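Novice: Predicted structure and sequence below. I'll ask about it afterward.
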Amino acid sequence: MLAKSHKNMFNLDRPDGYDCYCHDLREKEVAPSRRQVGGVGYSFVDAVWNKGAALPCDIEPNIREDRVYMVLWYRDKVAKPIYRFDVRGRPVGDAIRWSDQTIFGPRAYFMTDQMPATLNIDAVQLHDEGIYRCRVDFRTSPTRNFAINLTVIVPPNKLQMFANSDRRELTTGIVGPLEEGSDLILRCEVRGGRPPPTVSWFINDRLVEGDLDSINHYMVNKLTVRHLTREQLNSTFKCQASNTKLMTPVEKSVRLELLLKPLAVKILNKPMEMISDQDYLIKCEVTGSRPRANITWLRDKREFRRGSTEENVTANESVVTSHLTFAPVPEDDRTVLKCRGDNPVLGVGLEDTFQLNVVYPPQVTLHLGSTLNPEDIKEGDDVYFECNIRSNPKQHKITWFHDGSLVSQNMSSGVIISTHSLVLQRVTRWQSGSYTCLAANPRGETMSRPVILRVRFAPVCADPDVTVLGASLDEVLKVKCHVSADPSDVAFVWQFNNSGESFDVPPTKFNASSGNTSELVYVPLSQRDYGTLTCSGSNSIGRQNEPCVFQVVPASKPSPLSNCTLRTATNHSLDALEVECRAGYDGGLPQRFVLEAYDSYTMRMRLNLSSTSAEYPMFRIELGELLPPNGDGLPPTLRILVYAQNAKGRSEKVVLEDITLNDAEKRTDGSTNISILPLAALLTGSLLTLGIAILLIIVLAIRRRHRHCPGAHCSHQLDTAKQPKITPQPSRPGSMLEINTGEHRYVVAYTLKPVDNCGTPINTNTEHQPDILNTPRGADSTTPPNVGGPLARPDALFTPPGERGRYNPSFANFQHQLDPISPAEIGLPQSTTATSATTLGRPRLRSRGDLTGYPNFATVRRDHILADSIPGPESCV
């Protein structure tokens, strides 16, 4: 009766991987003995052996307020439960689960998170087959019972395939290869399975009829195919066995492989003429061979191995195309190129040929002299190269190159060129590199492959120039010594020299960061530590002849720029100016160059540029941003400042004043405007000439007064009633006096004697003349001359503020270019009190506060005029 219910079978498509079929059967289909117990629902479940099974049990109450209390599972007629799911007094998620260890044990687990709930059984065995009953107890609803009939299906456990009379199983998925025209007999044997499986044959997924038979405990289906043809190549033969829908059928497929002879071989392109060293593509096609034909290229009767080959095969491997890419060489001329296609199994093949006609330029090979060892060449050795040439026609010439540059014969330098050889006598390290030879004939010219010449040499400095390093006291200075050497395994020695001592630096003070670089950590602690550091290295070739020199000097601010030039940009199509200067001493530190442009009337900054070059002061000023729009208004007048800057500070600023920007290209009204720049230059020159003349007159007058002013009676020149009282002070090492003449400023450094020494007779035989010296580059002029502290200056010895611009005849003979100085350098107080500094040229009104920025807008040059002594306050300076 249970078997009749298969028509109501339904499949449980479960996400948990359990394979089963359920058959629903209500009370009317159940045996009378079971109906007497009460209303019981029946279902059938099919499960695959050793797979999972899910036995359904509906635990949902009919009343919404009701809930399940307990679920009990029974097997067959056993009264004792085999599984219990107890949720009394606790949530469903915390239910107590118990499984009989003799039945399922850990293989069974009751799942309630799906509808209907199921008892999942892992690894179903044959002894698990039977009728199971699920009993569900509710809090208020009546108890519910379900009966499940579990059937275990055993799939076929072995499927074997054999070909013809061979009893060896087909395990490779290929049957054959068989020759064209032969017969094919396939046997499919299936063992195991409950119920017995159905065995079927498919050719290319098309069902075909075979001879089915049952022998002992296995099923056999035999398929016979007569007279195999080319069209059946790669056909698929599949045997399939199945006894359930719960799993895919057991099947095995084989592909038919045939042995086919080539049908044709053809070279698709045969060039009439071929140029040597030019790549050519020759195609050869072989059709009809199975397995795919082996294509071989031969020159005359020998296999052709040069060039590269690439094969393309069609999907069924019946057409094979070989692409031969090669550059013919002189040896190929008048030879026969052959393409042959062979069936590798049948041993039969076909071929196609054509004769090569090759024209070629010279063929060149270069190598080092056979008697030389390339790894043992050092400076001073003699080296030679040999250039071997094959060419057609025979006439040719030879040219030699070193690193791409032409090599010419120079016997005095040891470079000798013969017919096929290049000789280098007493080779140097500069001659290392790649060498090539070039040969030419009417067909063209050919360069040989480069040959690398390695010349080993003792260490030499990578930078032959003296490196100046600036450092302050107690500043850690890392000095890197980099040498060029071959081999590069170099041992270093450091030395320190100054005017007073010379000693070797211990190896513990430096380290070699790489084979040809050494780093010394040097800290100057006193002035004696400034001097010269030298570094020399040695390797297996020898010791370094000239050491690397590092001059350690006190670090300072950079020196001012000089020789500044303003010109139109090189590209005249652009509206731009270029400012180029000469860099000064960098203070021993890396420096950069800055240009600042201010409006001459408003003193508002218009530009702030850095040099376009890190080594040279070069600035480019785009005028488009500075000129007024639409040509309205007057062209702006700029005051340009350039200076250098390093980690210690800025140099003094060089000023280019009154630079008028004309925009002549944008004027269309035809008016002619005259630039103020030439007029300003003319006016400045005139005033400067007048100032020099006045200074000469004053100098002559002062000298004349000195001749009539004995040392003991100097005081009669001063009106003591009008002079301020001066307290005698000890003599200072020196003071500085500022003199302004037009656009030039002078600084006089002198020694001031106390007032009480004025009466001391002066040796009239010695004439004290001020020494005029250029300021040392890099000197720090901001250091006050009186280290012990500032002393009050007698006002009578210094030019009053209102007269500072007047000419001093003492300096009439000195025409030195002056560098800009700051108020701090000349001892001017930083005060905001207004003072009128009248200079020879055009008058300017500046407050004392403006003196701070005076170097920004003042003169371009400075000199220090040093005097040994000035007699006293009664003398005329």
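Specialist: That came through, no problem.

Novice: Going by residue numbers, what spans are helices in this protein?
Specialist: 32-35, 676-707, 823-826, 848-851, 854-857 (DSSP state H).

Novice: If you count contacts, what does the second one end up packed against?
Specialist: The one in question is helix 676-707. Contact partners of helix 676-707 among helices and strands, from 3 or more C-beta pairs under 8 Å, 6 or more residues apart in numbering; DSSP states H and E: strand 654-660, strand 735-741. From N, CA and C alone the C-beta is placed, and that goes for glycine too.

Novice: and if we set it to 7 Å?
Specialist: strand 654-660 (3 or more C-beta pairs under 7 Å, 6 or more residues apart in numbering; DSSP states H and E).

Novice: Could you check the angle the strand it packs on makes with helix 676-707?
Specialist: Put simply, strand 654-660 runs at 130 degrees to helix 676-707, going by axes from the mean of the first three to the mean of the last three C-alpha atoms, to 10 degrees.

Novice: Strand 654-660: partners in the sheet, and parallel or antiparallel?
Specialist: Sheet pairing of strand 654-660 (DSSP bridges) gives strand 637-646 (antiparallel).

Novice: Restrict the partner strand to CA atoms and write it as CSV.
Specialist: Output of strand 637-646 as CSV, limited to C-alpha atoms (Å, rounded to 0.1, in the frame of the first residue of the first chain):
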residue,chain,number,x,y,z
THR,A,637,58.9,101.9,-12.0
LEU,A,638,60.4,99.1,-10.0
ARG,A,639,63.2,98.8,-7.4
ILE,A,640,64.7,95.3,-7.8
LEU,A,641,66.6,93.6,-5.0
VAL,A,642,68.6,90.4,-5.4
TYR,A,643,70.4,88.5,-2.7
ALA,A,644,71.7,85.1,-1.7
GLN,A,645,70.4,83.1,1.3
ASN,A,646,71.7,80.1,3.2
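
Novice: Distance from the chain centre to that strand, please.
Specialist: 37 Å (C-alpha atoms, centre = their mean, to the nearest Å).

Novice: quick one: average pLDDT of that strand?
Specialist: For strand 637-646, mean pLDDT is 89.

Novice: residues contacting the nearest residue to Lys648 once chain neighbours are set aside?
Specialist: Leaving aside its chain neighbours, Lys648 sits nearest to Lys557 (4.8 Å; criterion: C-beta to C-beta, 6 or more residues apart in numbering). By C-beta atoms under 7 Å, 6 or more residues apart in numbering, the contact set of Lys557 is 587, 646, 648-651.

Novice: Double-check Val490 against Ser536; I have them as touching.
Specialist: No. The criterion here is C-beta atoms under 7 Å, and Val490 misses it with Ser536 at 9.6 Å.

Novice: Provide the partner residues of Phe202 in its beta bridges.
Specialist: Beta-bridge partners for Phe202, by DSSP bridges, are Leu207, Lys238.

Novice: Give me the distance between it and Asn316.
Specialist: Per C-beta to C-beta, to the nearest Å, Phe202 is found 20 Å from Asn316.

Novice: the more surrounded of the two?
Specialist: Set Phe202 next to Asn316 and count neighbours by other C-beta atoms under 10 Å: Phe202 wins out with 16 against 11.

Novice: Contact partners for the more buried one?
Specialist: Here Phe202 is in contact with 208, 238, 240 (C-beta under 7 Å, 6+ apart).

Novice: go on, Ile282?
Specialist: Listed by C-beta under 7 Å, 6+ apart, the contact set of Ile282 reads 267, 269, 324.
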